[in-house]
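In: Give me the fold of what follows.
(one chain, ligands or ions: 2)
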Amino acid sequence: MPLISSPPVWREFFQYYYENEINRLAGKISSGDGAERSIYVDVLSHLAFFKEGILAEELFTNPDRVISDATRGIELTENIYDVRLENCVPRFVNLPVARRVLIRDLRADHILKFVSIEGIVRKVTEVRPKIVEAVFTCTSCGKKVSTYQESSNLKYPYECPACKSKRFVFHPEESTLIDSQRIKIQEYPENLKGGEQPQSIDVYLEGDITGLVNPGDRVIINGTVRANPRGMGQKRLVHMDLFIEGNSIEILQQEYEEFEITEEDKRRILELSEDGEIYDKIIKSIAPSIYGYEDIKLAIALQLFGGVPKRLPDGTEIRGDIHILLVGDPGVAKSQLLRYVHRIAPRSVYTTGKGTTTAGLTATAVRDEIDGRWTLEAGALVLADKGIALVDEIDKMRTEDRGALHEAMEQQTISVAKAGINAVLKARCALLGAANPKYGRFDRYAPIAEQINLSPTLMSRFDLIFVLTDDPDERRDVELAKHILRTHRLGEKLEKMRNVSSEFTRQSIEEEILKVTPVIDPELLRKYIAYAKRTVFPILTDEAEKRITDFYVGMRSRAKENSPVPVTARQLEALIRLAEASARIRLSDRIELEDVERVIGIIRKSLEQIALDPETGEIDIDYAFSGTSKTQRDRIMMIKRLVEELEAEYEKGVPEDVIFEEAEKMGIERGKTRELLIKMREKGELYCPRPDHYRVVHNY
Ligand code: ADP
Ligand code: MG
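Out: Residues are numbered from 1 along each chain as shown. Ligands and ions are numbered 1, 2, ... in the order given. Below you'll find the predicted structure:
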């Protein structure tokens, strides 16, 4: 069937619907302003109504011909400046949902069709000029010859039209150039079912739509699907790679808008929010197959709802995202918890510290393997923007990521400055990390900082740290075993029912099923979270504020003179964030006393696990993060001075016994002194010239 599309038909369309835009663009061109050369056509609002939608349909099925007609149609339009609208590009946006194709569903049938794909920008190359029309001179007769360039390799003229010579000199400065960029779009991480690898597709962009997007942006790309034979140069394969020649980009607002919440959903969410047991219900909806860990599950619930991100009048931005670190023995279900959160979080990215891509956790600039262009690639934290990044084995992350993580966790940005690339990417995500102890098992009596391969400064950026130990405890072991066995047995029954005929029916095992079924359906919980984050912005009540102040000042006051500093301003901010999240769970506009109490409880639990100085039985953040408590630090200083003084008398090292005796006079008992001596030796403050004789290491 012949197409109705032709330059005059398009001229009619543009003249009718886009007269103002045509004049505006003509004005810009006549004043020599800028590189803008685009006319945006709204398909659903305009093109779909023109010629009964036939022209739109032709665009979808025959884009090459139709876009070329439309381009010439623009040239034919009249404008008040009387300039010729040469090389202006029609860009089509707002396509019907029926034209949306999932990246993983792109097939041979789509080749040379106009489609709309949606996803997250994973990589962008630098914007660089590309030759559209190359100019040459013939070396024999000097004639100028120009050639249109269609592929990526520069095409020379076949022969000189004047003298038939086949030798030419290329003139890049006289050739026609256009900005070009290649980007990679990846499926949304949240749309993947557990364990699926995200698929991606390359998009080629030209002209004024280059340089518009950053890794991490969520976009709709409208364009023509094309195929390229795989392989390079002479060696081409029959297998093809698909790519999209991008015609337009729509950048999406990065909110939880992809969740459609119906009136019925809303009714159920509001009902749940008024339930007196809501916190308990949410805890029971997080990984019900994992036994215990109610505190951790509550913390995760708070993390899912999040605090309120704020921008202050002086421009300061304060994060609302809550970061949590799970530290502990192998086999205590850390990874399992992370995977579960990945399943229920409205938006999340799951990765391991080692990372699955070149960009690792953060972002990096790499040289592209195809054309050598510098490429900016987003890592997990950028892809998790406005969601949760789940990082298992975070202690094994790469050195490059360690530095970047400080910035990412506090400022929520990731800066990349390398080669031609200078970018600040957004990473507004909460981080849930899991780490294993350096020496296999966690030692309750040694400070956490010494046992985890993470720097103290990095650790202090987590709002909450939990230690999961696998200490034998008969009562708990029995319960845990029962729980795991019950879960496995239920799994066995379900598999049997699924695969062969069996004596079990769903009804007969209903009760067992209920025990490991989340109280709130994950689908509803996800909507609940999205709804709360979108609509609830709670404010501290006076009582809540007073309680927080009292708690903070109370902990701080113990820091008088010689006692350790228990809580820093960082913990105060964590407290506020967590209290905001707690109010959000109730969909409450007010942060009440109950929120603060709930949060104080959980912060205490976390601090008791990581910051209890075994010597004094007091909470001491310094002890947690630096491995030495205030008391210890004081004693270390005392012993160091002591050894220093005695050194003059004992050239070959101060005998241990002498140190014990003298230290005892200062109130440090023998056992303690022995411990400290070992510690100081390990840290390189003392050394032993002979066994049991000590000298101070001087750092000149
Ligand atoms: P980790 O990452 O801490 O090394 P995993 O998440 O790989 O541990 O857990 C190991 C296995 O032990 C998993 O199959 C997990 O389900 C099971 N497991 C450990 N602790 C529990 C628990 N409290 N409840 C249920 N299963 C558990
Ligand atoms: Mg693990």
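
In: Report the buried residues of stretch 16-29.
Out: Neighbour-count burial for stretch 16-29 flags 17-18, 22, 25-26, 28-29 (criterion: 16 or more other Cβ atoms under 10 Å). (Glycine included, C-beta is placed from N, CA and C.)

In: Please disregard the earlier target; I meant stretch 542-561.
Out: Buried-residue list, stretch 542-561, by 16+ other Cβ under 10 Å: 544, 547-548, 551-552, 555-556, 559.

In: Now render the buried residues of stretch 16-29 as TSV, adding secondary structure and distance to Met240.
Out: Shown next, in TSV, are the buried residues of stretch 16-29 (DSSP: H, G, I helix; E, B strand; the rest coil; distance: Cβ to Cβ, whole Å):
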residue	secondary structure	distance to Met240
Tyr17	helix	37
Tyr18	coil	36
Ile22	helix	38
Leu25	helix	37
Ala26	helix	41
Lys28	helix	39
Ile29	helix	38
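
In: can you point me to the longest helix in the protein?
Out: As assigned by DSSP state H, the longest helix anywhere in the chain is helix 474-499.

In: The next helix or strand after that helix near ligand 1 at all?
Out: Next in sequence after helix 474-499, counting helices and strands by DSSP states H and E, comes helix 510-515. No - in terms of Cβ under 6 Å from any ligand atom, no part of helix 510-515 sits within range of ligand 1; the closest distance is 12.4 Å.

In: contacts for the helix or strand following helix 510-515?
Out: Going down the chain from helix 510-515, the next helix or strand is helix 522-535, by DSSP H and E. By Cβ atoms under 8 Å, 6 or more residues apart in numbering, the surrounding residues in contact with helix 522-535 are 255-256, 259, 261, 265-266, 268-269, 272-273, 282, 285, 304-306, 343-346, 518, 520, 584-585, 587.

In: could you flag which of the residues you listed are buried?
Out: Of the members of the contacts of helix 522-535, the ones counted as buried by neighbours, 16+ other Cβ under 10 Å, are 256, 259, 261, 265, 268-269, 272-273, 282, 285, 304-306, 344-346, 518, 520, 584-585, 587.

In: for the record, mean pLDDT for stretch 13-22?
Out: With pLDDT averaged residue by residue, stretch 13-22 scores 93.

In: what's next to it, contact-wise?
Out: For stretch 13-22, contacts defined as Cβ under 8 Å, 6+ apart pick out 39-41, 46-47, 50, 55, 70, 73-74, 77-79, 85.

In: which residues of the stretch 451-600 of the chain score low on pLDDT?
Out: By pLDDT under 70, the low-scoring segments of the stretch 451-600 of the chain are 558-567.

In: interface residues of it facing ligand 1?
Out: Residues of the stretch 451-600 of the chain lying near ligand 1 (Cβ under 6 Å from any ligand atom): 480, 483-484.

In: Neighbours of whichever residue of the stretch 151-300 of the chain sits closest to ligand 1, how many?
Out: As assessed by Cβ to the nearest ligand atom, ligand 1 sits closest to Tyr291 within the stretch 151-300 of the chain, at 3.6 Å. Residues near Tyr291, counting by other Cβ atoms under 10 Å, number 16.

In: wait, what's in contact with the residue lying closest to Ile421 once chain neighbours are set aside?
Out: Leaving out its chain neighbours, the residue that sits closest to Ile421 by Cβ to Cβ, 6 or more residues apart in numbering is Ala365, at 4.2 Å. Ala365 makes contacts with 374-377, 416, 418-419, 421, as judged by Cβ under 8 Å, 6+ apart.

In: Pick the one among those residues closest to Asp470.
Out: Glu377 (37.9 Å; Cβ to Cβ).

In: For the stretch 501-650 of the chain, which residue gets nearest to ligand 1?
Out: Val516 (9.8 Å).

In: correct me, but Asp179 touches Leu212?
Out: No - between Asp179 and Leu212 there is no contact under Cβ atoms under 8 Å: 10.9 Å.

In: pLDDT wise, what is Glu260 at?
Out: On the pLDDT scale, Glu260 gets 79.

In: can you confirm it is in a strand?
Out: No - if the criterion is DSSP: H, G, I helix; E, B strand; the rest coil, then Glu260 is coil and not within a strand.

In: quick one on the thing from earlier: mark which of the buried ones among the contacts of helix 522-535 are part of helices, please.
Out: Cross-referencing the buried ones among the contacts of helix 522-535 against helices under DSSP H gives 265, 268-269, 272-273, 282, 304-305, 344, 584-585.

In: Lys310 and Leu432, how far apart?
Out: Distance, Lys310 to Leu432, by Cβ to Cβ, to the nearest Å: 22 Å.

In: Likewise for Glu174?
Out: On the measure of Cβ to Cβ, Glu174 and Leu432 end up 57 Å apart.

In: More neighbours: those two, which one.
Out: Leu432 (28 against 13).

In: With secondary structure added, can I get the buried residues of stretch 542-561 in a markdown table?
Out: Listed next are the buried residues of stretch 542-561 as a markdown table, based on three-state DSSP:
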| residue | secondary structure |
| --- | --- |
| Ala544 | helix |
| Arg547 | helix |
| Ile548 | helix |
| Phe551 | helix |
| Tyr552 | helix |
| Met555 | helix |
| Arg556 | helix |
| Ala559 | coil |
